[in-house]
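Q: pasting the sequence and the predicted coordinates here, then a few questions.
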Amino acid sequence: MSHNHHNHHSHNHADFKGRNLLISIFLNILITVSQVIGGIISGSLALLSDALHNFSDVLSLVVSYVANKLTKKQASFHRTFGFKRAEILAAFINASTLIIVAILLIIEAIKRFQNPEVIKSGLVIWMSVLGIVANGLSVLILKKDSNSNMNMRSAYLHLLTDMMASVAVLVGGLLMKFYQIYWIDSALTFAIALYLIYMGYDLLISSTKVLMLFTPDHIPLKKIVDEINAFEKIKNVHHVHVWQLNEDELHLEAHIDFNEDISISQFDEILKDIEELVFHKYDINHVNIQPEFSKPDAKDIIVQD
């Protein structure tokens, strides 16, 4: 038995998110093509690394866009949850690509440190300005939704880190132009890569926990069990699972052993009280309880299935 708390704005909001992602995709394709051409002509590894990161942005935004569309598909006999996990999977993929790109950049930066090259700094400066403007616009477009949706946050982080990378490339271009400090190109590439790892790690861990059905960090499971155990007629709460399906749905399932052989109508009343408790205190909006009376099964809170 469960509560469903989606309002009538949800589909319109999903369409709005999809449109914002589409705009960001086209902006990043423009940046990527421009920076690849500029990086090849100027010989700047930092600019090429920024282009590579922008290309990963395009892929991540496409993944986020597809996931956003999939979540609107209806559940079926073959997919009883529909595609509600699509955005979590997209967040995991995007966080992984952030870290993979960062490792590739570190390898290239080390190679360039060993073999520094003269770089056409003027082109680097103009390309980095383009990156700052376009990525800055994309960041503003996605910022609002990034606070409440893991998929949108993964796309937002890709774009935010790329904007920061473009700022770093701009600083490097200015230093090369006026002070001929060409090793700064490799140093900035290395710094960009470390920043990508730092930003991607938390999102990778968060999305992995959801995909692995771990108990959400903010859920005090033992406290919830104690509160349910305090209900009259309840003898024991055991075999408990709490997991997050997606950004909107938090599930609780448990076996409850009753002190007496109650009727179904009595159980329904108790179930309603449990649902109200866990929803209002812990935002758990899907509850599935298996009632029992003197059933000879394991009574531990956590039971290995």
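A: Yes, it's here.
Q: excluding its backbone neighbours, what's nearest Phe55?
A: Sequence neighbours aside, Thr32 is the residue nearest to Phe55 in space, at 4.9 Å (criterion: C-beta to C-beta, 6 or more residues apart in numbering). (Each C-beta comes from the backbone N, C-alpha and C, glycine too.)
Q: list the contacts for that neighbour?
A: Thr32 is in contact with Ala51, Asn54, Phe55, Asp57, Val58, counting by C-beta atoms under 8 Å, 6 or more residues apart in numbering.
Q: please apply the same query to Leu130.
A: The contact partners of Leu130, by C-beta under 8 Å, 6+ apart, come to Ile31, Ser34, Gln35.
Q: in helices, which of those residues appear?
A: Judged by DSSP state H, helices contain the following of these: Ile31, Ser34, Gln35.
Q: from these, pick the one nearest Gln74.
A: Of all the ones in helices among the contacts of Leu130, Gln74 sits closest to Ile31, with 36.2 Å by C-beta to C-beta.
Q: next, count neighbours for the closest one.
A: Residues within reach of Ile31, counting by other C-beta atoms under 10 Å, total 27.
Q: ok, now the one 5 residues further on?
A: Applying the criterion other C-beta under 10 Å, we find 18 residues in the vicinity of Val36.
Q: gap between it and Lys72?
A: Using C-beta to C-beta, to the nearest Å, we find Val36 at a distance of 34 Å from Lys72.
Q: repeat that for Ser49.
A: The value you get for Ser49 to Lys72, if C-beta to C-beta is used, is 36 Å.
Q: what's the answer for Leu59, then?
A: Applying C-beta to C-beta, the value for Leu59 to Lys72 is 21 Å.
Q: can you check Val242 too?
A: Applying C-beta to C-beta to Val242 and Lys72 gives a distance of 26 Å.
Q: okay, those two: which has more neighbours?
A: Neighbour count, other C-beta under 10 Å: between Val242 and Lys72, Val242 has more, with 19 against 14.
Q: count the residues that sit near Trp243.
A: Number of residues near Trp243 (other C-beta under 10 Å) recorded here: 18.
Q: so who does it touch?
A: By C-beta under 8 Å, 6+ apart, the contact set of Trp243 is Val210, Leu213, Phe214, Thr215, Pro216, Leu250, His251.
Q: Serialize the ones in helices among the contacts of Leu130 to CSV and add fields for pLDDT and distance to Asn236.
A: Shown next, in CSV, are the ones in helices among the contacts of Leu130 (pLDDT from 0 to 100; distance: C-beta to C-beta, whole Å):
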residue, pLDDT, distance to Asn236
Ile31, 83, 59
Ser34, 86, 65
Gln35, 79, 62
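Q: can I get these in TSV with distance to Ile301?
A: Output for those, formatted as TSV (distance: C-beta to C-beta, whole Å):
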residue	distance to Ile301
Ile31	51
Ser34	57
Gln35	54
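Q: quick one: which of those residues is nearest to Asp283?
A: Closest to Asp283, out of all of these and judged by C-beta to C-beta, is Ile31, at 38.4 Å.
Q: so what's that closest one up against?
A: Listed by C-beta under 8 Å, 6+ apart, the contact partners of Ile31 are Ala51, Asn54, Leu130, Gly131, Ala134, Asn135.
Q: mind checking pLDDT for the last one?
A: You'll see Asn135 listed with a pLDDT of 85.
Q: now, among the contacts of Ile31, which is nearest to Phe190?
A: For those, the nearest to Phe190 is Ala51 (16.7 Å; C-beta to C-beta).
Q: count of neighbours near that closest one?
A: 24.
Q: please apply the same query to Ser154.
A: Neighbours of Ser154 (other C-beta under 10 Å): 32.
Q: quick one: contacts for it?
A: Counting by C-beta under 8 Å, 6+ apart, Ser154 has contacts Ser60, Ser64, Ala90, Ala91, Asn94, Ala95, Leu203, Ser207.
Q: ok so it is a helix residue?
A: Yes - under DSSP: H, G, I helix; E, B strand; the rest coil, Ser154 falls within a helix.
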